[in-house]
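*Asks:* sequence first, then the predicted structure:
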Amino acid sequence: MDEPEAQRSLLLMSLLAVATGMIAGTGAWAFRMMIGLVHNVLFLGDPSFHYDANVHTPASPWGWGVTTQKHS
C-alpha cells in the first residue's frame, strides 16, 4: 500500500528552517559563552563570559598548578 505524502507548504518549511537556524545559533552562542566562563574561572579566577580567542591568555594567578597535578 502506498502511504500518502504529507503536504507542507513552502512557507511552513521556510519558517521551520528559520526557527531551526535561530535555535541552533542561540545554542552555539550559549556554548561559546559557557566556554568563556569556564576558561576565565579556571585559568584566570575571573567569573566573566568574555573570551577572545585571538588574544593571548595572560599568565594565570594559579601558576603552574593549572597544568600540573600531583599523582600519588
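*Replies:* Sure, I can see it.
*Asks:* contacts and neighbour counts: CA atoms only from here.
*Replies:* Will do.
*Asks:* now do Gly45 against Leu37, distance only.
*Replies:* 10 Å (CA to CA, to the nearest Å).
*Asks:* how about Arg8?
*Replies:* Going from Arg8 to Leu37 by CA to CA gives 42 Å.
*Asks:* neighbour count: the two, which is higher?
*Replies:* Leu37 (19 against 8; other CA atoms under 10 Å).
*Asks:* mind checking which helix or strand the more buried one is in?
*Replies:* In this structure, Leu37 sits in helix 10-39 according to DSSP states H and E.
*Asks:* measure how far that helix is from the centre of its chain, please.
*Replies:* Distance of helix 10-39 from its chain centroid, counting by CA atoms, centre = their mean, to the nearest Å, is 10 Å.
*Asks:* switch to numbering from 8
*Replies:* Okay, residue one is now 8; in that scheme the one you just asked about reads as helix 17-46.
*Asks:* and the most centrally placed residue in the chain, what pLDDT?
*Replies:* Nearest to the mean C-alpha position of the chain, by CA atoms, centre = their mean, lies Phe38 at 1.7 Å. We have a pLDDT of 96 for Phe38.
*Asks:* now do Leu44
*Replies:* Looking at Leu44, the pLDDT reads 92.
*Asks:* if I look at the closest residue to it other than its chain neighbours, how far off is Leu18?
*Replies:* Leaving out its chain neighbours, the residue that sits closest to Leu44 by CA to CA, 6 or more residues apart in numbering is Phe56, at 4.5 Å. For Phe56, the distance to Leu18 equals 37 Å [CA to CA].
*Asks:* and if you look at Pro65?
*Replies:* 50 Å.
*Asks:* check Tyr58 too.
*Replies:* Note on Tyr58: its distance to Leu18, by CA to CA, is 38 Å.
*Asks:* which non-adjacent residue is nearest Met40?
*Replies:* Nearest residue to Met40, sequence neighbours excluded (CA to CA, 6+ apart): Phe56, at 5.4 Å.
*Asks:* wait, that neighbour touches Phe38, no?
*Replies:* No: if you go by CA atoms under 8 Å, Phe56 and Phe38 don't touch, sitting 10.7 Å apart.
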